[in-house]
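Student: Sequence and predicted model, in that order:
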Amino acid sequence: MSLRRPCFSQSVIVDVLRAIVSRPINCTQTTIRSKPFRHSCHQAQPWPGWTTRVPLTLGRRMYASRALSVADVAEEWQDPLLDDIQPEFPKRKYMLRRKLADGRILEVPKIKMKKPKKKPQNVQEYNQRIMYAVLDNKFNKAINYIRDMEKREIRPDTYTYTMLINGFCKVSDMQRAHKWLHRMKRNGIEPDVFTYTSLIDGYMRVADVTNSEAMFKAMMFKGIRPTLVTYNVLMHHSVRQLDVSTAVRFWGRLVDAGLQPDAYTFAIMMHGLGDEGRVDQAWKLYEQMKEENADINEVVATTLMGIHVKHHDNSYAIELFRKFFEDGRDTLSPTPYTRNVMLNAVVANANLQTIHNYYDQFQQTLQDKQDTSKSLLFSGADVFTYTTFMRAFLRRNALPMVSQVYQDMRARHVKPTIVTYAILMLAHAYIPDPHTCVRILGELKKGGIEPNVVLYTIVMRAWAKAGRFDEMKKTYAEMKAANIQPNKSTMSVLQWGSESSR
């Protein structure tokens, strides 16, 4: 059996060094136990009032070592266990010097330790940390902050609970959002208009119109007036569900409530009209904005560009980009979404080699870490740029490049969207490779992403192209069991598969 030198972790090394430097001068054979150092407890007191900016201070404490005797140092420092694991200490800056009785100077390393992070002292400091945790999707961390507030008898306010509820609504976790709404009320804190707006947004994200209307009615019953943001949220989700008539009704309620539509209200309606093919009416809204001297910002300009890209009028979309962002308009600067719309317009009619050149240019930009703030097409390693290139290669039947772009995206730790997965599945459906499509669909379900009608239709297309019509019908039945209604494309695939199986 071979002998091996025992390995010690860094914490063991620190404990050994701490034992070395904790011995006093003139110690005897008797072991002296010193009282361990304890941090003082900070009692948090509620701080009434509200400040928008609360500076965060992190304290540090230097633990100085005690004086040593020569005998103790010689005895402890020559321990053979420490021969190969002594850490390298900086020069005299971190050395403790002691002059002994015989005139000799003794130097030993000091141990510098960090003091634990200071706890928040009031509701404002807690709210700031909860906000950052929710923005990073660290919901358990945010919940621990709230529980710590309750334990220390620091009363959370409406903003505390609303931030957490809004975070759950953004990720469509309405069960936990509703749970914290009840806890908020149970603790005697009434929700405000921002709380209800977050819940309406969350329920509309999961197409739960019943609960969304219930939240709106509850808000009105309590005499809480909806804000412009509330109406914009309702209009936005109505447009997403291709229900422009409902969005128009919300516009009427907005005006009746004495609110003035802003640029986002106009952009939402333009987007809805564009999706229905009513491009002329979308431009009439733009003219109305100009007559009312409304703020025409980047969102409105990008929306108009997107309408023309959707209807394959890419040359006019490029012309609009020059009009809004290049022709002497210093007030407008393209957003990442603007660049992505522009990229879609540029690659729409390009040949395969040109798309390859654009993708190589994009990769070189990332590799050289170039500043993309002034770029016309790229906005860094974002999922929308990668998805656009995947779609462009798919339309040119360059299926290996679709997979390559996806792998490049994952190598840079960019999280795909449901559209990205749909394009990847569609590439495998063209091969056809239905088993990979089913595997991707299963991974989405495990990841908590609810498949939509588009993803199920792609799987049905893959099975039909592979001649497995029994599996196609099985996928259709699975979709219906999940309460997902088929669309026009679904019925076309189902009809084609049924006719081919005869």
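Tutor: Yep, it's here. Only a predicted model underlies this, so the values are computations on that prediction, with no experimental measurement involved.
Student: Just say helix, strand or coil for Leu106.
Tutor: The three-state label given to Leu106 by DSSP: H, G, I helix; E, B strand; the rest coil is strand.
Student: burial count for the residue lying closest to Phe168 once chain neighbours are set aside?
Tutor: Sequence neighbours aside, Ala177 is the residue nearest to Phe168 in space, at 3.8 Å (criterion: CB to CB, 6 or more residues apart in numbering). To be clear about C-beta, it is placed using only N, CA and C from the backbone, and glycine gets the same treatment. Around Ala177 there are 22 other residues, counting by other CB atoms under 10 Å.
Student: name the helices or strands packed onto the host helix or strand of Ala177?
Tutor: Assigned by DSSP states H and E, Ala177 belongs to helix 174-186. Where contact means 3 or more CB pairs under 8 Å, 6 or more residues apart in numbering; DSSP states H and E, helix 174-186 is packed against helix 158-170, helix 193-205.
Student: Tell me the first helix or strand C-terminal of the last one.
Tutor: Read in the C-terminal direction, the helix or strand following helix 193-205 is helix 209-221, with elements assigned using DSSP H and E.
Student: Name the next helix or strand following that next one along the chain.
Tutor: Next element after helix 209-221 (DSSP H and E): helix 228-240.
Student: circling back: show me the residues around the residue nearest to Phe168 that make contact.
Tutor: Ala177 makes contacts with 165, 168-169, 198-199, 202, as judged by CB atoms under 8 Å, 6 or more residues apart in numbering.
Student: coming back round to it: buried sites along the helix holding Ala177?
Tutor: 174, 176-178, 180-181, 183-184 (16 or more other CB atoms under 10 Å).
Student: again with stretch 489-502
Tutor: Across stretch 489-502, burial judged by 16+ other CB under 10 Å covers 490, 493-494, 496-497.
Student: Stretch 418-436 now?
Tutor: 420-429, 432-434, 436.
Student: Quick one: mean pLDDT for the strand or helix carrying Gln288?
Tutor: Counting by DSSP H and E, the element that carries Gln288 is helix 279-291. Averaged over helix 279-291, pLDDT sits at 92.
Student: Packing partners of it?
Tutor: When contacts are defined as 3+ CB pairs under 8 Å, 6+ apart, helix 279-291 sits against helix 263-275, helix 298-310.
Student: got a list of contacts for the following helix or strand past the last one?
Tutor: It stands for helix 298-310. Using DSSP H and E, the next helix or strand after helix 298-310 towards the C-terminus is helix 314-325. With contacts defined as CB under 8 Å, 6+ apart, helix 314-325 is touched by 298, 301, 304-306, 308-309, 332-334, 338, 341-342, 344-346, 348-349, 376.
Student: Chain neighbours aside, what residue packs nearest to Arg129?
Tutor: Nearest non-adjacent residue to Arg129, counting by CB to CB, 6+ apart: Tyr145, 5.7 Å away.
Student: Same check on Val279?
Tutor: Sequence neighbours aside, Ile307 is the residue nearest to Val279 in space, at 6.0 Å (criterion: CB to CB, 6+ apart).
Student: Could you report the neighbour count for the one you found?
Tutor: By other CB under 10 Å, the residues close to Ile307 number 24.
Student: One more: the one 5 residues further on?
Tutor: The burial metric for His312, expressed as a neighbour count using other CB under 10 Å, is 11.
Student: dump the residue contacts of it.
Tutor: Taking CB under 8 Å, 6+ apart, we find His312 in contact with Ala348.
Student: For it, give its distance to Ala267.
Tutor: 21 Å (CB to CB, to the nearest Å).
Student: try Gln241
Tutor: Taken as CB to CB, the span from Gln241 to Ala267 is 17 Å.
Student: quick one, which of the two is more surrounded?
Tutor: Ala267 (26 against 13).
Student: What strand or helix carries Glu499?
Tutor: Going by DSSP H and E, Glu499 is in helix 488-500.
Student: Show me the contact partners of that helix.
Tutor: The set of residues external to helix 488-500 that reach it, using CB under 8 Å, 6+ apart, is 453-454, 456-457, 460-461, 463-464, 467, 469, 472-473, 476, 479, 486.
Student: Thr162 contacts Val193, doesn't it?
Tutor: No. The criterion here is CB atoms under 8 Å, and Thr162 misses it with Val193 at 9.8 Å.
Student: between these two, who's got more neighbours?
Tutor: Counting neighbours by other CB under 10 Å for Thr162 and for Val193 shows that Thr162 has the greater number, 24 against 16.
Student: number of nearby residues for the residue lying closest to that one once chain neighbours are set aside?
Tutor: Leaving aside its chain neighbours, Thr162 sits nearest to Thr195 (4.6 Å; criterion: CB to CB, 6+ apart). For Thr195, the number of neighbouring residues by other CB under 10 Å comes to 26.
Student: hang on, the earlier thing: any chance of the helices and strands packed on helix 174-186 in JSON lines, plus distance to Gln124?
Tutor: Output for the helices and strands packed on helix 174-186, formatted as JSON lines (distance: least, CB to CB, whole Å):
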{"stretch": "helix 158-170", "distance to Gln124": "9"}
{"stretch": "helix 193-205", "distance to Gln124": "17"}
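Student: Same list, those, but as a markdown table with distance to Gly274 and mean pLDDT please.
Tutor: Formatted as a markdown table, these follow (distance: least, CB to CB, whole Å; pLDDT from 0 to 100):
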| stretch | distance to Gly274 | mean pLDDT |
| --- | --- | --- |
| helix 158-170 | 25 | 94 |
| helix 193-205 | 20 | 93 |
